[in-house]
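A.B. asks: Pasted the sequence and its predicted model underneath.
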Amino acid sequence: KMSVPDYMQCAEDHQTLLVVVQPIGIVPEESFFRIYKRISAVSQVNVRDSQRVLYIRYRHHYPPENNEWGDFQTHRKVVGLITITECSSAKEWPQTFEKFHLQKEMYGSTLYDSRLFVFGLQGEIAEQPRTDVAFYPSYDECETVEKRIEDFIESLFIVLESKRLDRATDKSGDKIPLLCVPFEKKDFVGLDTDSRHYKKRCQGRMRKHVGDLCLQAGMLQDSLVHYHMAVELLRSVNDFLWLGAALEGLCSASVIYHYPGGTGGKVGSRRAQGGSLSAEAGNRHRPGKGGISALFCALTSNGINADTSAEIGRAKNCLSPEDIIEKYKEAISYYGKYKNAGVIELEACVKAVRVLAMQKRSMEASEFLQNAVYINLRQLSEEEKIQRYSILSELYERIGFHRKSAFFKRIAAMQCAAPSIPEPGWRACYKLLLETLPGYSLSLDPQDFSKGTHRGWAAVQMRLLHELVYASRRMGNPALCVRHLSFLLQTMLDFLSDQEKKDVTQSLESYTAKCPGTMEVITLPDGLKLPPVPFTKLPIVKSVKLLNLPTSLRPHKIKSLLGQNVSTKSPFIYSPIIAHSRGEERSKKIDFQWVQGDVCEVQLMVYNPMPFELRVENMGLLTTGVEFESLPAALSLPAESGLYPVTLVGVPQTTGQITVNGYHTSVFGVFSDCLLDNLPGVKTNGCTVEVIPALPRLQISTSLPRSAHTLQPSSGDEISTNVSVQLFNGETQQLIIKLENIGTEPLEKLEVTAKTVNTKEKLYGDFLSWNLEDTLCQFPLKPGKIATFVVNIKVKLDFSCQENLLQDLSDDGISVSGLPLSSPFRQVVKPRVETKPLNPQESSKVGDFSHVKVGE
């Protein structure tokens, strides 16, 4: 019974000669495969004076039991052996040469020729000319390796051609031997060898065998003829196993004709039958003038056409592409009758699938693959199971069954970590699991899940992500565990049950306690990069709004009380183009300004989608444009909170245009940078604002108590307060105003003016008077300094014919109000005076006055 299937087999392998390359003794693996690569490069050789091409298939390991099936299909027979060894002294040479002979005995019954390549031995022994041994001083000094391989292939062809001629010649009177597979030998003991049935069986099997030899020798037309004859003979005696082999041979020859580029997936690995090699390739792999050329001269002189394959275009025996598949089905059905032919049946299915993939017949290919899945082989090792499932996955991928391909690759991944393996291969498991992601419409880039509806089966995707997490943990890589769990929570949040959300977050917190999640890209050993996973759904942000400064801190254009407005008006320009895109909306400039050094606010409307309280730590703003100090906040959102306002603050340190790009958070130990461009459906009033230079801040206090009455509403351009005083007619009182610079910029200018409002009778003389000379001497007023000036209030009224005037004055009181103070051509920031308690018993604090208005 053949034990080890070759899942890489394809139909064109039937025309190859099998050569095994193996090391003898202790040979460094790197050195061996370095030479093996050079040897295997000589894979096809053009026969001189002919259109025939020889193909060589190299293997560095081949089970001897598979070699016993060489008569059944000659491409399974090891016809060449190349051994590589190291020998440093003449004393070691006899032992080395003995090992070479022992190695030959392993395949001795089928070998046509063999070679021994010796590295490191120099001296008398190395100088002796030998046909089967080549000596090289080192692995770097072996320029003639390819030439030696060409000579070796030449010798193989001579033996192959002689065997083909010997068995193809009809020898009347001679008994044709019965070719058998290993398990048949005991069944033919005692049979009548003279019966017609037996002779037909012998003839049919030999015809099939000669067809194999013709195919290997590059005689495609002759092989088709022999296969057809073998099919007729074997069908007549119901020799089903060999009939299946003859049909498969017929299919292989027809595939080689129809698909000269090969079906194995290596484009350009083969050339069209009957074509010519390039000059370089022909010169490199073309044997010398002797040997093969001389042999062909002898063959053609005996009347054998060496170039029958040149007429392949008129081949009547070649199957059509549709018939190839039908014959494959028939052959596989015959193989299925024999339990010991499971490997042959499996490999035939694989070959048929590769052909159907070339023909774009995916559904039929899947039927062959489904049959291959259920073929019962011996108890396979774990490594063989992994190989089997991996190849099935690759074949399903070739026919476009991506999810089926991912299914078998995932089985192969699980097999890498099977309990029966002493040292599970978790790295191999993880690598195979990553390869299954495209088949399940899954990628590791969270951006792919923010572009619309979810693709794929979420339940399967979550299972796969959990397996990636488990494999990462067994690999001892907590950073990978955190990254995959974060991805699971971010992308599959809508599909997780409440209990699953709790379980995933608990696992995530346990991993981040050892290795916090970051925004760095993780690069795997094979070069694959895992992008960061920001938690844009924990919490979910629905709107972002930049807030204006408080009224007392807002900058205003300078308005002189004594002159014209120094600001200039800009022209009005109408544009019918309205930007609707989210990106343009966010880049829209806002009509208010922020001030360098002042605390600025951004309001977010968020909600918690989790069924438990969500703690968000270190939440702050992400900005570009100017240097910005973000002041992080911590918040706790109730379970499924609904919309909840959150205000994030920061201080711009420089001036210019600042853009709020997003925010950063720390949730469950994972640090996230969430950009607004990646948040779907977020509403915003614009995210770009101008930051102007730092402005003076003035705090004003008076010696009079505040008034509960407001004489006139303040406009949006001024800050006002009201103080009250009761005076008798003719009485005079002083109002002391204290000016304190509580900012970081000097105060450069002070203007004072008065206006009387709500007068009900004629006022005689100066109601208010002041002298600013002493006060202005203290300007510019430096930060932290205090200046004072005195306002004299003198009451002189005419009470004639006004009975209720005293009552009116008592009700109205006197109002002191002010306009904002500003340095020339600069704007002002004002403190939040409106938030201070109004206590009439305390001296009044009036915010940011440069001008004082006194109203009656």
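C.D. replies: Arrived safely.

A.B. asks: So which residues of the stretch 51-200 of the chain form strands?
C.D. replies: Along the stretch 51-200 of the chain, counting by DSSP state E, counting those that start in this stretch, strands occupy 53-59, 78-86, 113-119, 133-136.

A.B. asks: nearest to residue 33, of those?
C.D. replies: Between residue 33 and those, the shortest gap by C-beta to C-beta is with strand 78-86, which sits at 10.0 Å. Every C-beta, even on glycine, is put in place using the N, C-alpha and C of the backbone.

A.B. asks: Determine how far that closest one lies from the middle of the whole chain.
C.D. replies: Averaged C-alpha coordinates place strand 78-86 at 43 Å from its chain's average position (C-alpha atoms, centre = their mean, to the nearest Å).

A.B. asks: and residue 210, how many neighbours?
C.D. replies: 25 (other C-beta atoms under 10 Å).

A.B. asks: So what touches the helix or strand where residue 412 lies?
C.D. replies: Following DSSP states H and E, one finds residue 412 within helix 402-416. Contact with helix 402-416 is made by 366, 382, 385-386, 389-390, 392-397, 424-426, 428-433, 435-440, 464, 467, 471, as judged by C-beta atoms under 8 Å, 6 or more residues apart in numbering.

A.B. asks: Mind checking which of the residues you listed land in helices?
C.D. replies: 366, 382, 385-386, 389-390, 392-397, 426, 428-433, 435-436, 464, 467, 471 (DSSP state H).

A.B. asks: Just the buried ones among those residues, please.
C.D. replies: 366, 385-386, 389-390, 392-393, 395-397, 426, 428-433, 435-436, 464, 467, 471 (16 or more other C-beta atoms under 10 Å).

A.B. asks: shaky segments in the chain?
C.D. replies: For the chain, applying pLDDT under 70 flags the ranges 1-3, 170-174, 189-190, 265-316, 558-588, 708-719, 757-766, 798-856.

A.B. asks: Show me it divided up by domain.
C.D. replies: If you go by the TED database, the domain ranges for the chain are 11-162, 441-530, 540-554+588-692, 696-706+727-751+765-796.

A.B. asks: measure residue 245 to residue 348 for me?
C.D. replies: 9 Å (C-beta to C-beta, to the nearest Å).

A.B. asks: Ok, residue 27 next?
C.D. replies: 36 Å.

A.B. asks: Who has more neighbours out of the two?
C.D. replies: Neighbours per residue (other C-beta under 10 Å) separate residue 27 from residue 348, with residue 348 holding more: 30 against 18.

A.B. asks: quick one on the thing from earlier: need the domains of the chain in a markdown table with distance to residue 192, can you?
C.D. replies: Putting the domains of the chain into a markdown table (distance: least, C-beta to C-beta, whole Å) gives the following:
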| stretch | distance to residue 192 |
| --- | --- |
| domain 11-162 | 22 |
| domain 441-530 | 61 |
| domain 540-554+588-692 | 82 |
| domain 696-706+727-751+765-796 | 118 |
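
A.B. asks: Among those, single out whichever gets nearest to residue 340.
C.D. replies: domain 11-162 (10.2 Å).

A.B. asks: what about that closest one, start to end distance?
C.D. replies: Length of domain 11-162, first residue to last, C-alpha to C-alpha, to the nearest Å: 25 Å.

A.B. asks: How far away from the center of its chain is that domain?
C.D. replies: 43 Å.

A.B. asks: all numbers from here: first residue = 17
C.D. replies: With the count now opening at 17, the last piece we talked about shows up as domain 27-178.

A.B. asks: does residue 694 really touch residue 548, like I thought?
C.D. replies: No. Residue 694 lies out of contact with residue 548 (C-beta atoms under 8 Å); the separation is 11.4 Å.

A.B. asks: the more surrounded of these two?
C.D. replies: residue 548 (19 against 14).

A.B. asks: In contact with the more buried one, which residues are there?
C.D. replies: Contact analysis of residue 548 by C-beta under 8 Å, 6+ apart lists 499, 534, 535, 536, 537, 689.

A.B. asks: Just say helix, strand or coil for the last one.
C.D. replies: What it means is residue 689. strand (DSSP: H, G, I helix; E, B strand; the rest coil).

A.B. asks: Isn't it up against residue 680?
C.D. replies: Yes. When contacts are counted by C-beta under 8 Å, residue 689 is listed as touching residue 680 (5.0 Å).

A.B. asks: Can you tell me who residue 74 pairs with across the strands?
C.D. replies: Counting by DSSP bridges, residue 74 is bridged to residue 35.

A.B. asks: ok, how many other residues are close to it?
C.D. replies: Residue 74, neighbours per other C-beta under 10 Å, totals 21.

A.B. asks: if I look at it, how far off is residue 746?
C.D. replies: Per C-beta to C-beta, residue 74 is found 124 Å from residue 746.

A.B. asks: so which of the strands of the stretch 67-216 of the chain comes closest to residue 201?
C.D. replies: Comparing those by C-beta to C-beta, strand 94-102 comes nearest, at 20.0 Å.

A.B. asks: ok, the closest one: who's next to it in the sheet?
C.D. replies: Strand 94-102 is paired, per DSSP bridges, with strand 32-40 (parallel), strand 129-135 (parallel).
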